[in-house]
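*Asks:* sequence unknown, structure follows:
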């Protein structure tokens, strides 16, 4: 049978820097790292000819060939396990989950193999495990997951979730160069969001893993958040400003190891802390942040630490249901006003 | 739609008599049946011949490419494996081993024979019952003793137990307890080696129990699709803890599973060290030569319980005695002597040198301190980037 495909398609090499979307920033970062280091390779489902479900890896097969852009069977445990084995051989795998929801079949490989290798015998697994996370695009219970709290209690996994194009590129490059396993969460709602288009530098840059970023300075109240919820926080902060409240927004960017200093500095500055995340509330990462603030900044607080998060249900499909489930600007406003008045 | 399309079966044919040919894209021949039944593989367990010597005693296969000195080396590895384990049992009874001791009694030939067939650059991921393979790959008994005794000088510095460590330079990737996980990992080893243009082969040891895991399937399927040189040594030792193979799988031979992956399989007497070596030679040649993944099923038997604490209450009467008569070390010793490869004196000399090595290595490991408690905080991440995970001080105190 002919190997010719139905559609001839060739994607161009991305520009270096320039005005980019979030997805293009990630693609640039991966492309540049593959050019820089021959040990970087991609592995995942439909990452080759199709370029990935969200086209993050578009064009990479043509450029780097099928030895470095490996299409796999539907086998997340095999993808993660093979990435671990390749990392032990000195390669730098970038493994894709088509949706972060499909990280669960690889839970064992990540938590027991990738996470513990360095601790057990000094063999760090220098690998990136990336994929689209998050809800708000009507994808239902199996294509909307935010998985960070599943892994927060596992020592040995770094977790990153950017919210700007600049950070996305700088962090994916830092993750690829990191000597330890990094889970890299990309909120799918951000991929092509016009609001996130921004000019990024032409020259090589990274964003250090483990460092939060203050997205908005404020004196009255801190919102600690990350990922797509940074936008919710910024929108809420703008509204609150009109009401005379000066809100600080901290974008964690890295979820593990968490930048506790940045959280505590902001908490001590504003004395009121609101934690905002998209995963369900109970057992979410917000609990860990709240406990950190309670233990380390208690004397500085003027109000209880509050959490705004998704409700404790699976992510529902129908728009009104999903909207109810997810934290909205109005939920942040309500919580912030109560906190301010406390 | 082109004219060519209309001659195919399917949408274009519109119920007319179909002209089909063998190379049609849907693969249907002219006499295609509406459905085809594929029978299950035979329920018969495959067996291989029992080689006997002139006295009618069970020995090993005589057909071998092994040189005389290699035959003696094999004997040394078998004895080293057995006697290291016997020392571990002694240390366990003296409470110097802080965890469990897992024996490979009766299975030593599988581990030693298969590992002996590998090239220095090849990788293995053994099971706990493959201590022999670990030793053949160059890990010293002292490392094993130190690991079992949780000592600071052990390769994992007290952080993990028994053979749960690795040495990439020696081609040894220690397993984790989730044994099926090692199949994808070893697939990754050879996937990387192919990118690095290395002639590296990987061997993943797995048992009748581990083959039931999902990770085994995912890993082997991926290796088969990619035609990677991965040899699965399927150790059919009849028990996964207390569960017999009959409750683990419906196939009669673990090698029957190869069909599901489109790969070949071998069956060998796992208690015949020479046959294990020879079958592995062929399997590795096949895999290395571009054939891709292959399963080698070694039929053997676990004569001890899962670990030293296990009283084997689930074993049928007479089973242990049957397998004692097939003991791989005794059998190989008879083989060497009755075929004139060695004298009893020569074998005793080898055993004495093995005992000396064990004495020395065991003393070395015993002399190691236990690790400093605070070392528990190190090496979660590269500590030049992320500080060690010390127990935090409350309220910033000391």
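*Replies:* Right, received. Where do you want to start? Remember, predicted model here, so these are calculated numbers, not experimental data.

*Asks:* C-alpha only now, for contacts and for neighbours.
*Replies:* Will do.

*Asks:* where does the chain have low pLDDT?
*Replies:* Reading this off chain A. A:1-4, A:9 (pLDDT under 70).

*Asks:* that answer is for a different chain, and I need it for chain B
*Replies:* B:1-30, B:396-398.

*Asks:* outside of the helix or strand harbouring residue B:204, which residues touch it?
*Replies:* Assigned by DSSP states H and E, residue B:204 belongs to strand B:202-207. With contacts defined as CA atoms under 8 Å, 6 or more residues apart in numbering or on different chains, strand B:202-207 is touched by B:122-127, B:130, B:179-180, B:182-183, B:186-187, B:189-190, B:229-237, B:240.

*Asks:* of these, list those near chain A.
*Replies:* B:182, B:183, B:186, B:187, B:189, B:190 (CA under 8 Å from any CA of the partner chain).

*Asks:* and of those residues, the nearest to chain A?
*Replies:* For those, the minimum distance to chain A (CA to the nearest CA) is 4.6 Å, reached by residue B:189.

*Asks:* quick revisit: just the ones of the contacts of strand B:202-207 in strands?
*Replies:* B:123, B:124, B:125, B:230, B:231, B:232, B:233, B:234, B:235, B:236, B:240 (DSSP state E).

*Asks:* okay, and the beta partners of the first one?
*Replies:* It stands for residue B:123. Counting by DSSP bridges, residue B:123 is bridged to residue B:202.

*Asks:* cool, the fourth one as well?
*Replies:* Applying DSSP bridges to residue B:230 gives these bridge partners: residue B:202.

*Asks:* would you confirm that it contacts residue B:223?
*Replies:* Yes - with contact defined as CA atoms under 8 Å, residue B:230 reaches residue B:223; the gap is 6.9 Å.

*Asks:* shared neighbours, those two?
*Replies:* By CA under 8 Å, 6+ apart, the residues touching both residue B:230 and residue B:223 are B:187, B:292, B:293.

*Asks:* for residue A:232, list the residues it contacts.
*Replies:* A:328, A:329, A:332.

*Asks:* which other residues reach stretch B:285-301?
*Replies:* So stretch B:285-301 is in contact with B:106-107, B:110, B:199-201, B:220, B:223-224, B:226-238, B:253-255, B:258, B:263-271, B:276, B:279-280, B:283, B:323, going by CA under 8 Å, 6+ apart.

*Asks:* apply 6 Å and report the result again.
*Replies:* B:224, B:227-238, B:255, B:263-271 (CA atoms under 6 Å, 6 or more residues apart in numbering or on different chains).

*Asks:* between the contacts of residue A:232, which sits nearest residue A:245?
*Replies:* residue A:332 (13.0 Å; CA to CA).

*Asks:* doesn't the closest one fall inside a helix?
*Replies:* Yes - with DSSP: H, G, I helix; E, B strand; the rest coil as the criterion, residue A:332 is part of a helix.

*Asks:* how about the residue of chain A found nearest chain B: what's its closest non-neighbour residue?
*Replies:* Residue nearest to chain B within chain A (CA to the nearest CA): residue A:82, separated by 3.5 Å. Residue nearest to residue A:82 in three dimensions, not counting chain neighbours: residue B:188, with 3.5 Å by CA to CA, 6 or more residues apart in numbering or on different chains.

*Asks:* contact partners for that neighbour?
*Replies:* Contacts of residue B:188 (CA under 6 Å, 6+ apart): A:82, A:83, A:85, A:86.

*Asks:* how much space separates residue B:199 from residue A:283?
*Replies:* Between residue B:199 and residue A:283 the computed distance is 48 Å (CA to CA, to the nearest Å).

*Asks:* show me the helices in the stretch 51-200 of chain B, by range?
*Replies:* In the stretch 51-200 of chain B, the helices defined using DSSP state H, counting those that start in this stretch lie at B:68-93, B:108-116, B:131-136, B:141-148, B:182-195.

*Asks:* for residue A:168, find the nearest of those.
*Replies:* When the helices of the stretch 51-200 of chain B are compared (using CA to CA), the closest one is helix B:182-195, at 26.9 Å.

*Asks:* how far off strand B:230-236 does the closest one point, in degrees?
*Replies:* 160 degrees (axes from the mean of the first three to the mean of the last three CA atoms, to 10 degrees).

*Asks:* next, see if stretch B:257-272 gets close to chain A.
*Replies:* No - using CA under 6 Å from any CA of the partner chain, stretch B:257-272 stays clear of chain A, coming no nearer than 12.4 Å.

*Asks:* on that earlier part again, comparing residue B:230 and residue B:223, which residue is more hemmed in?
*Replies:* residue B:230 (32 against 28; other CA atoms under 10 Å in any protein chain shown).

*Asks:* ok, the more buried one - contacts?
*Replies:* With CA under 6 Å, 6+ apart, residue B:230 has these contacts: B:202, B:203, B:293.

*Asks:* how about the residues of the stretch 101-250 of chain B that lie near chain A?
*Replies:* So the stretch 101-250 of chain B meets chain A at B:156, B:159-160, B:165, B:184-189, B:192, B:218-219 (CA under 6 Å from any CA).

*Asks:* which one of those sits in the busiest neighbourhood?
*Replies:* For those, neighbours tallied by other CA under 10 Å; top is residue B:187, 35 neighbours.

*Asks:* tell me the contacts of it?
*Replies:* So residue B:187 contacts A:82, B:223 (CA under 6 Å, 6+ apart).

*Asks:* give me that answer again for 8 Å
*Replies:* Contacts of residue B:187 by CA under 8 Å, 6+ apart are A:81, A:82, A:85, B:202, B:219, B:220, B:222, B:223, B:228, B:230.

*Asks:* same question, residue A:92
*Replies:* A:39, A:40, A:41, A:86, A:126, A:127, A:128, A:176, A:177.

*Asks:* now tabulate these in JSON lines and tack on neighbour count.
*Replies:* Listed next are the contacts of residue A:92 as JSON lines, based on neighbours: other CA atoms under 10 Å in any protein chain shown:
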{"residue": "A:39", "neighbour count": "19"}
{"residue": "A:40", "neighbour count": "22"}
{"residue": "A:41", "neighbour count": "29"}
{"residue": "A:86", "neighbour count": "28"}
{"residue": "A:126", "neighbour count": "24"}
{"residue": "A:127", "neighbour count": "29"}
{"residue": "A:128", "neighbour count": "30"}
{"residue": "A:176", "neighbour count": "26"}
{"residue": "A:177", "neighbour count": "17"}
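
*Asks:* and the furthest pair within those?
*Replies:* Most distant of the contacts of residue A:92, by CA to CA, are A:86 and A:177, 14.9 Å apart.

*Asks:* need the contacts of residue A:92 in JSON lines with secondary structure and distance to chain B, can you?
*Replies:* As requested, those are arranged in JSON lines below (DSSP: H, G, I helix; E, B strand; the rest coil; distance: CA to the nearest CA, whole Å):
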{"residue": "A:39", "secondary structure": "coil", "distance to chain B": "8"}
{"residue": "A:40", "secondary structure": "strand", "distance to chain B": "10"}
{"residue": "A:41", "secondary structure": "strand", "distance to chain B": "9"}
{"residue": "A:86", "secondary structure": "helix", "distance to chain B": "5"}
{"residue": "A:126", "secondary structure": "coil", "distance to chain B": "10"}
{"residue": "A:127", "secondary structure": "coil", "distance to chain B": "12"}
{"residue": "A:128", "secondary structure": "strand", "distance to chain B": "14"}
{"residue": "A:176", "secondary structure": "helix", "distance to chain B": "15"}
{"residue": "A:177", "secondary structure": "helix", "distance to chain B": "12"}
